[in-house]
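Engineer: Predicted structure and sequence below. I'll ask about it afterward.
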Amino acid sequence: MKKWFMMSVTLLGMVSLVGCSSFGSESETKKTTIEVFNIKTETAEQMDDLVVKYEASHPDIKINMTTVGGGTDATAAMQSKFSSGDEPDIFMLGGLSDAQTWEHKLSDLSETEIAGKAMDGTLEGATLNDKVLGVPMNIEGYGWLVNKEIFKKAGIDSEGIQSFADFEAAVEKLISQKAELGLSGVFAFSGGETWVTSQFSSNFIGPEFNNSLIDTYNGKELAFTYGDQMADYLNLAAKYNASPLESMDYSTSVEELFAGGKVAIIHQGNWIVPTLNSLDETFAKEKLGIIPMFVAEGQGKIVAGPAWYWGVNKDKDEKKIEASIDFLTWMYSDKEAMDAIINDFDFIPAYTNFSSEQITDPLSNKIYTYLADGQTVPWVHNSYPDGFGQNVIGVQVQAYTAEQISWKEFTKMLTTTWKEERQ
């Protein structure tokens with residue numbers, strides 16, 4: 001009996017040890033892993049650094065950040081993820097069209113803390129059926145970005161341009177001094193990138209739909225009311241582009257020609273600031289400016305607002321959904337993360353808990369001022385019929401500037417296709 005008792009104690013001790021060992025191993029490895037699909041390649045490094053900060057203060061969470069973009073079709077890559085069953089927990093939406101496409105996969109974030117902090121109007125681009133399906137990544141603004149130093153050398157005050165006629169006169173003055181200024185052209189419009197042309201079109205299509213994302217999204221017909229103004233700007237850019245507008249790529253435009261001081265004007269936004277900083281740390285702070293477009297009512301406007309939204313996959317388990325929302329909330333509320341959003345990402349925040357005084361980048365400050373003064377058009381190209389911006393406008397601009405079609409044919413293609421897509 002005694003022998004049996006001793007064996008029982010020994011066995012119980014072994015079971016206890018095994019149990020403790022098993023529990024300890026499980027506690028070390030049982031982390032909640034969040035898969036994030038990011039397409040902002042220009043801030044990939046900053047995002048990776050932010051993840052390290054989050055994981056340091058949240059040891060029970062593991063963030064796997066997948067960044068796809070640049071020369072890769074990010075939309076196709078994300079669709080492939082979902083098709084293969086390897087669905088991300090957090091992914092990005094480019095406005096109402098994307099929100100509609102992925103509505104069946106998106107959590108309702110209406111009651112979350114982060115949605116409550118969003119600036120007025122910034123949730124419109126990801127709200128369907130009274131549900132907030134995405135929260136803004138940041139505010140981005142774009143238009144004609146200019147090298148103020150080149151303008152100054154040519155005797156032009158870029159801040160004094162108050163009409164299309166002023167803009168045209170400035171361009172003519174720049175081209176007349178092309179040799180002295182060491183320019184390859186006045187513009188480096190990267191029309192080979194159809195997303196650039198799609199963005200460009202917002203200035204001219206937005207006013208037709210009351211500069212409203214919802215009205216654009218619901219618009220059954222496109223009258224192309226401001227098509228003539230678009231033609232004026234496009235013709236000027238094509239005439240004085242450093243090389244054929246329809247074939248110029250992003251890298252040549254931004255990194256080689258603009259950053260290299262070989263052109264004075266490009267069509268881009270504040271997202272290029274990190275790239276410029278990496279090439280010339282003085283460029284963004286001392287040389288970079290923005291000129292609005294004069295389309296409707298004589299008032300110059302740039303395009304500004306949330307370009308991208310973070311969505312959370314509702315088909316994941318509750319723990320992953322909660323951790324995903326916590327990560328997004330932390331990004332825009334933790335003191336260290338907020339500092340990174342402003343100073344490392346060079347983002348214009350879309351949340352009320354930030355202060356405008358924190359925005360140190362001059363271009364971002366200028367864009368914020370345009371936004372505060374109501375001199376902006378929203379990112380309406382994200383509310384066009386699916387694929388319309390790049391596959392129709394982008395491709396047809398290439399055909400037009402290559403003199404393969406007339407402007408009349410261009411206009412007919414746009415208005416007819418829009419109507420067909422919205423029927």
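Structural biologist: Received the coordinates, thanks. Just so we're clear, the structure is a prediction, and the values are computed from it rather than from any experiment.
Engineer: Touching, residue 99 and residue 133? I think so.
Structural biologist: Yes. The criterion here is CB atoms under 8 Å, and residue 99 meets it with residue 133 at 4.9 Å. In this view, the C-beta of every residue, glycine as well, is placed from N, C-alpha and C.
Engineer: Now the common contact residues for these two.
Structural biologist: Here residue 99 and residue 133 share the contacting residues 93, 106, 126, 127, 309, 311, scored by CB atoms under 8 Å, 6 or more residues apart in numbering.
Engineer: who's the fifth one bridged to?
Structural biologist: Read that as residue 309. Partner residues in beta bridges with residue 309, using DSSP bridges, are residue 93, residue 136.
Engineer: For it, grab the count of nearby residues.
Structural biologist: When counting by other CB atoms under 10 Å, one arrives at 29 neighbours for residue 309.
Engineer: if I read this right, it contacts residue 96, doesn't it?
Structural biologist: No. Between residue 309 and residue 96 there is no contact under CB under 8 Å: 9.9 Å.
Engineer: which residues do those two both contact?
Structural biologist: Contacts common to residue 309 and residue 96, judged by CB under 8 Å, 6+ apart, are 125, 126.
Engineer: Now stretch 409-418: buried residues?
Structural biologist: Within stretch 409-418, the residues scored as buried using 16 or more other CB atoms under 10 Å are 410, 411, 413, 414, 417, 418.
Engineer: Among the residues you listed, name the ones in helices.
Structural biologist: Judged by DSSP state H, the subset of these located in helices is 410, 411, 413, 414, 417, 418.
Engineer: now the helices: where do they sit in the stretch 1-150 of the chain?
Structural biologist: Counting by DSSP state H, counting those that start in this stretch, the stretch 1-150 of the chain has these helices, from start to end: 2-29, 44-57, 74-84, 96-101, 113-117, 148-153.
Engineer: now do the stretch 151-300 of the chain
Structural biologist: 164-176, 178-181, 194-205, 213-218, 227-239, 250-251, 273-279.
Engineer: most packed of those?
Structural biologist: helix 194-205 (a mean of 24; mean count of other CB atoms under 10 Å).
Engineer: Low-confidence bits of this protein, can you list those?
Structural biologist: Confidence mapping of the chain against pLDDT under 70 gives the ranges 1-29, 70-72.
Engineer: other SSEs contacting the helix or strand containing residue 320?
Structural biologist: According to DSSP states H and E, residue 320 maps onto helix 318-331. Under the contact criterion of 3 or more CB pairs under 8 Å, 6 or more residues apart in numbering; DSSP states H and E, helix 318-331 touches strand 32-38, helix 44-57, strand 61-67, strand 90-93, helix 113-117, strand 309-312, helix 335-343.
Engineer: how about that helix: buried residues?
Structural biologist: 320, 321, 323, 324, 325, 326, 327, 328, 329, 330, 331.
Engineer: Domain boundaries for the protein, per the record?
Structural biologist: 32-138+307-353, 141-304+375-422 (automatic domain parsing).
Engineer: one step back: now render the helices of the stretch 151-300 of the chain as CSV, adding distance to residue 74.
Structural biologist: CSV is the format used below for these (distance: least, CB to CB, whole Å):
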stretch, distance to residue 74
helix 164-176, 33
helix 178-181, 37
helix 194-205, 10
helix 213-218, 21
helix 227-239, 26
helix 250-251, 14
helix 273-279, 18
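Engineer: tell me, what residue is most central in the protein?
Structural biologist: Geometric centre of the chain, nearest residue: residue 307, 4.2 Å, by CA atoms, centre = their mean.
Engineer: Need the nearest residue in space to that residue, chain neighbours excluded.
Structural biologist: Closest residue to residue 307 apart from its sequence neighbours, by CB to CB, 6 or more residues apart in numbering: residue 140 at 4.4 Å.
Engineer: For that neighbour, name its beta-bridge partners.
Structural biologist: Here residue 140 sits in beta bridges with residue 305, going by DSSP bridges.
Engineer: Residue 67 too?
Structural biologist: Here residue 67, judged by DSSP bridges, has bridge partners residue 38.
Engineer: what's the closest of the helices of the stretch 151-300 of the chain to residue 50?
Structural biologist: helix 273-279 (13.7 Å; CB to CB).
Engineer: Convert the C-alpha atoms of that closest one to PDB, please.
Structural biologist: The C-alpha trace of helix 273-279 is given here as PDB (Å, rounded to 0.1, in the frame of the first residue of the first chain):
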ATOM      1  CA  VAL A 273       7.800  64.400 -49.000                       C
ATOM      2  CA  PRO A 274       9.500  61.400 -47.500                       C
ATOM      3  CA  THR A 275      11.000  60.600 -50.900                       C
ATOM      4  CA  LEU A 276      12.300  64.100 -51.400                       C
ATOM      5  CA  ASN A 277      13.700  64.100 -47.900                       C
ATOM      6  CA  SER A 278      15.700  61.000 -48.700                       C
ATOM      7  CA  LEU A 279      17.200  62.600 -51.800                       C
END
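Engineer: Return the distance of stretch 231-249 from the chain's centre.
Structural biologist: In terms of CA atoms, centre = their mean, to the nearest Å, the centre of stretch 231-249 is found 23 Å from the chain centre.
Engineer: quick one: residue 82 and residue 105 touch, right?
Structural biologist: Yes. With contact defined as CB under 8 Å, residue 82 reaches residue 105; the gap is 7.4 Å.
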